[in-house]
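Student: Need a 3D model of the sequence below.
(chains A, B, C and D)
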There are 2 protein chains.
Amino acid sequence: MAERKDDKDGRSLINAASGRQGRRATSYDVARLAGVSQSAVSRCFAPSGSIAPATRERIEKAALELGYRPNALAQALISRRTNLVAVLISSLTALNYPEVLAELSHRMLARDLRMLLFSLNTESDVDEVIDQVWRHSVDGVICAARLSDEQVSLFVDREVPLVLYNRVADRAQAASVGCDSVTGQRLLVDRLLAAGHRRFAIIAGPEDSYVGEERRRAALGRLQEAGINDVPVVRGDYGYESGAAAFAALLADGAQFDAIVCVNDLMAIGVIDAAREEFGMRIPEDISVVGFDGSGPATWAGYRLTSIRQPVRRMTEAAVNMLVERIEDPDLPAERRLFNGRLIEGRSAVLG
Amino acid sequence: MAERKDDKDGRSLINAASGRQGRRATSYDVARLAGVSQSAVSRCFAPSGSIAPATRERIEKAALELGYRPNALAQALISRRTNLVAVLISSLTALNYPEVLAELSHRMLARDLRMLLFSLNTESDVDEVIDQVWRHSVDGVICAARLSDEQVSLFVDREVPLVLYNRVADRAQAASVGCDSVTGQRLLVDRLLAAGHRRFAIIAGPEDSYVGEERRRAALGRLQEAGINDVPVVRGDYGYESGAAAFAALLADGAQFDAIVCVNDLMAIGVIDAAREEFGMRIPEDISVVGFDGSGPATWAGYRLTSIRQPVRRMTEAAVNMLVERIEDPDLPAERRLFNGRLIEGRSAVLG
DNA sequence: ACTGCTAATGAATTCGAATGCAAATGTCAC
DNA sequence: GTGACATTTGCATTCGAATTCATTAGCAGT
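Tutor: Prediction:
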């Protein structure tokens, strides 16, 4: 033991003397310089530590001098709290993805949480990513990417708090936030009905997309309520090109419609561009187009897309809040928080 | 609680029995079950560990049974290697930000690195973020956000490998990757000159933006070579609105021009939309507009922006490579790698 | 002066895996 | 059978901070 201490003394003298080559200062270095024990240093930096004001001052002075900052790894290891949150997000498809990420990042920083980001694309990545998340002992996970029920269960079984963003788990129990598709599509469809539209088409997302299917069903449901059936549906992959392709497919099929409901903005933009540039149509005079998300480009003067703006700030805030609650009390039951989007009255649909 | 499904194969039963408090299995647990020492378990999972095949098999079986995965925190603490890379990125301004992030994420995952993401917006955040980065002992940093020279020096002094993305440090030494503004702007300006344009305007970025100023100077320089001086310059903030506003300002100033060089795509799109929708102009017939980045929306049929496509894949690959090299050998000298962008022949500029 | 109490402090232990070193085992040659 | 040698293995220590527990100092009350 004494030998160990001497060893440390020697090294840190060199460290202090050269000031350059050294490993970073530890709480022991600070303790020695301040003439206190390592425990005192730890307590000085802990919010609940009981320390005499004079001692605190000495320690803070020494810490400043050595440029000491507590090592997050060591803190995490002993306290079983990493302050890390894994954020899983599927790649670029969504147009509001940068906004969501930025909001999450700031809210998490404000809550003293750090973001471990994983961008998923191919299905094969997921299990590898989940393994990494597990190995890093994150305090929680926010997932805005497709997750199978088994994968959700993995988190539940391991008691890792999980909040799903804009999706839900089919059978497994998981907290989630979302933007209400039913009221959103009702606003959009009612808007189109009021404008006199009676012949609709829908551009939906992939079958395995939760929000896509929800929005498709909601739109179809509302149309059915209004006595409109046999609405043609084409599926895209949420991408710009797929919107244009879906539109072309509708035309090729000889479908009759003067209003198109797209389940996201990017496909709606693809539709508008294809209609205008490829087929020489005018929007909204020839066809009304509506989207969903209210993302940046949707508001551009070139599109002025009629859409549902997701309350991203409130949704991300809710996601982080729900996660923090579940980190502090892992026994909280699953919960789903649904927010209503706001109708953006653009010019991509004729006025009623 | 503890309502696990013991139906499958008894594995979860044992798992539940041994770790009923939810405590995850450690190398000691595995060692005990396999009848070996903790060291053996560690060696079994280390790439260089020397283990008898039979022992390895026993350990792997036990590990599987307990769902054991090495704790990244403990590994990092002892080995002084966290496999964490901090990525600092400034908020949503850049249109190619999602692409950059996705590419970085995948390349890092392939290199067994995890991404700690910080999204910076206000200048005030930065020091707080740098502190967090330091406390987490990241192996390196990739920065695509504004960093003062002092802040760069902080990383250099602490010997944290740093690679700057699309920016350089003024005086401090730091590795960096970028897209060459000079050749890029030369391509664009030459294209406009060949089309017969002689009256130019430039929409630049904020004065404190490195790439913005570089691109502004490069465009002005090339124009000067062609004997064109007195080019009006208006500054924007890289945002869509600011492009539109800058265009309106140019018109209000009575500037004479038929070609506009914007230092990024988003402002160019703002210009096009303002010209078309607000001022009833036709693009490119009335005015040619070029951008820089080659981001997604720039290729949309509604814009078909003539622009310089940054080789994002190669740039991110280079950034990660340079960082890994410097993690493995911290004494490597600073280095700057510049890539040439590719001219995208859009339809926002008249053909030559 | 002595008891009783609180606040401040330090020694020792802990988190979970990696590793230097020594011991044990095994292999082969002579 | 012995010695030389390579391969496995385990013990003990290490990384850096938090925390428990026991101790001490400080101070009021009687």
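
Student: Give me the pLDDT for the residue nearest to A:Arg80 when sequence neighbours are not counted.
Tutor: Distances taken as C-beta to C-beta, 6 or more residues apart in numbering or on different chains place A:Ser137 nearest to A:Arg80, at 7.7 Å, with adjacent residues excluded. For the C-beta atoms, the positions are set from N, CA and C on the backbone; glycine is no exception. A:Ser137 carries a pLDDT value of 97.

Student: for A:Ser137, what are its contacts?
Tutor: With contact taken as C-beta atoms under 8 Å, 6 or more residues apart in numbering or on different chains, A:Ser137 is in contact with A:76, A:80, A:82, A:84, B:71-73.

Student: go on, A:Arg56?
Tutor: Neighbouring residues of A:Arg56 by C-beta under 8 Å, 6+ apart: A:Cys44.

Student: Helix, strand, or coil at it?
Tutor: Secondary structure for A:Arg56, judged by DSSP: H, G, I helix; E, B strand; the rest coil, is helix.

Student: measure it to A:Leu332 for me?
Tutor: 36 Å (C-beta to C-beta, to the nearest Å).

Student: re earlier: narrow the contacts of A:Ser137 to those in helices?
Tutor: A:76, B:72-73 (DSSP state H).

Student: Let's have these in a markdown table, adding neighbour count and distance to DNA strand D.
Tutor: Output for the ones in helices among the contacts of A:Ser137, formatted as a markdown table (neighbours: other C-beta atoms under 10 Å in any protein chain shown; distance: C-beta to the nearest atom of the strand, whole Å):
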| residue | neighbour count | distance to DNA strand D |
| --- | --- | --- |
| A:Ala76 | 23 | 8 |
| B:Ala72 | 23 | 13 |
| B:Leu73 | 22 | 9 |
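
Student: And these, which is closest to DNA strand C?
Tutor: DNA strand C has its nearest neighbour among the ones in helices among the contacts of A:Ser137 in B:Leu73, at 6.9 Å by C-beta to the nearest atom of the strand.

Student: Enumerate every residue touching that closest one.
Tutor: A:73, A:76-77, A:82, A:136-137.

Student: of all those residues, which two lie farthest apart?
Tutor: Greatest spacing in the contacts of B:Leu73, by C-beta to C-beta: A:Leu77 and A:His136 (11.8 Å).

Student: Among the two, which residue is more densely surrounded?
Tutor: A:His136 (22 against 18; other C-beta atoms under 10 Å in any protein chain shown).

Student: circling back to that earlier point, taking the contacts of A:Ser137, tell me the two that lie furthest apart.
Tutor: Applying C-beta to C-beta across the contacts of A:Ser137, the maximum distance is between A:Arg80 and B:Ala72, 13.7 Å.

Student: what does chain A have sitting close to DNA strand D?
Tutor: Residues of chain A lying close to DNA strand D by C-beta under 7 Å from any atom of the strand are A:4, A:7, A:23-24, A:26-28, A:38-39, A:42-43, A:45-46, A:48, A:68-71, A:73-75, A:77-79.

Student: Secondary structure element holding A:Leu116?
Tutor: Counting by DSSP states H and E, the element that carries A:Leu116 is strand A:114-120.

Student: Is the following helix or strand past that strand in proximity to DNA strand C?
Tutor: Where DSSP H and E defines the elements, the next helix or strand beyond strand A:114-120 is helix A:125-135. No: using C-beta under 7 Å from any atom of the strand, helix A:125-135 stays clear of DNA strand C, with a minimum separation of 8.5 Å.

Student: And the residue of the stretch 101-250 of chain A closest to DNA strand D?
Tutor: For the stretch 101-250 of chain A, C-beta to the nearest atom of the strand, closest residue to DNA strand D: A:Asp112, 12.5 Å.

Student: just the strands in the stretch 51-200 of chain A please.
Tutor: A:84-90, A:114-120, A:140-144, A:162-165, A:175-179, A:200-204 (DSSP state E, counting those that start in this stretch).

Student: Any chance of CSV for these, columns mean neighbour count and distance to B:Asp293?
Tutor: Output for those, formatted as CSV (neighbours: other C-beta atoms under 10 Å in any protein chain shown; distance: least, C-beta to C-beta, whole Å):
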stretch, mean neighbour count, distance to B:Asp293
strand A:84-90, 24, 22
strand A:114-120, 24, 20
strand A:140-144, 25, 25
strand A:162-165, 26, 28
strand A:175-179, 24, 30
strand A:200-204, 25, 28
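
Student: Chain B is nearest to which of these?
Tutor: strand A:114-120 (3.9 Å; C-beta to the nearest C-beta).

Student: what is the mean pLDDT for that closest one?
Tutor: 94.

Student: Repeat that for stretch A:265-282.
Tutor: Confidence over stretch A:265-282 (mean pLDDT, whole number) is 97.

Student: swap in stretch A:144-161?
Tutor: For stretch A:144-161, mean pLDDT is 93.

Student: next one: stretch A:208-225
Tutor: 95.

Student: Could I get the buried residue list for it?
Tutor: A:209-216, A:218-220, A:222-223 (16 or more other C-beta atoms under 10 Å in any protein chain shown).

Student: Kindly report the same for stretch A:326-342.
Tutor: A:326-327, A:334, A:339, A:341.

Student: Same list (those residues) but as CSV, adding distance to A:Ile202.
Tutor: Conversion of the buried residues of stretch A:326-342 to CSV gives the following (distance: C-beta to C-beta, whole Å):
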residue, distance to A:Ile202
A:Arg326, 36
A:Ile327, 40
A:Ala334, 31
A:Phe339, 23
A:Gly341, 18
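
Student: Just the ones of those in strands?
Tutor: Among the buried residues of stretch A:326-342, DSSP state E puts A:Phe339 in strands.

Student: Just want the residue of the stretch 201-350 of chain A that's nearest DNA strand C.
Tutor: Distances from the stretch 201-350 of chain A to DNA strand C, computed as C-beta to the nearest atom of the strand, single out A:Pro330 as the nearest residue at 16.1 Å.

Student: per-residue confidence for that residue?
Tutor: So, for A:Pro330, pLDDT stands at 92.

Student: Quick check: which element contains it?
Tutor: Per DSSP H and E, there is no helix or strand for A:Pro330.

Student: Would you mind listing what in the stretch 51-200 of chain A touches DNA strand C?
Tutor: Counting by C-beta under 7 Å from any atom of the strand, the residues of the stretch 51-200 of chain A close to DNA strand C are A:51-55, A:74, A:77-78, A:80.

Student: List only those of those residues flagged as buried.
Tutor: A:51, A:55, A:74, A:77.

Student: so which of these also contact chain B?
Tutor: Applying C-beta under 8 Å from any C-beta of the partner chain to these, one finds that A:74, A:77 fall near chain B.

Student: Tell me which two of the buried ones among the residues of the stretch 51-200 of chain A next to DNA strand C sit farthest apart.
Tutor: Spanning the widest gap among these are A:Thr55 and A:Leu77, at 25.9 Å by C-beta to C-beta.

Student: Need the three-state assignment for A:Arg261.
Tutor: No, residue A:261 isn't Arg; it's Val. Taking three-state DSSP, the label given to A:Val261 is strand.

Student: what sits against it?
Tutor: Contacts for A:Val261 were tallied using C-beta under 8 Å, 6+ apart; they are A:185, A:188-189, A:192, A:200-203, A:219, A:290.

Student: same check, this time on A:Ser148
Tutor: A:Ser148 neighbours (C-beta under 8 Å, 6+ apart): A:Val126.

Student: same thing but at 10 Å, please
Tutor: A:123, A:126-127, A:154, A:169-170, A:172, A:208 (C-beta atoms under 10 Å, 6 or more residues apart in numbering or on different chains).
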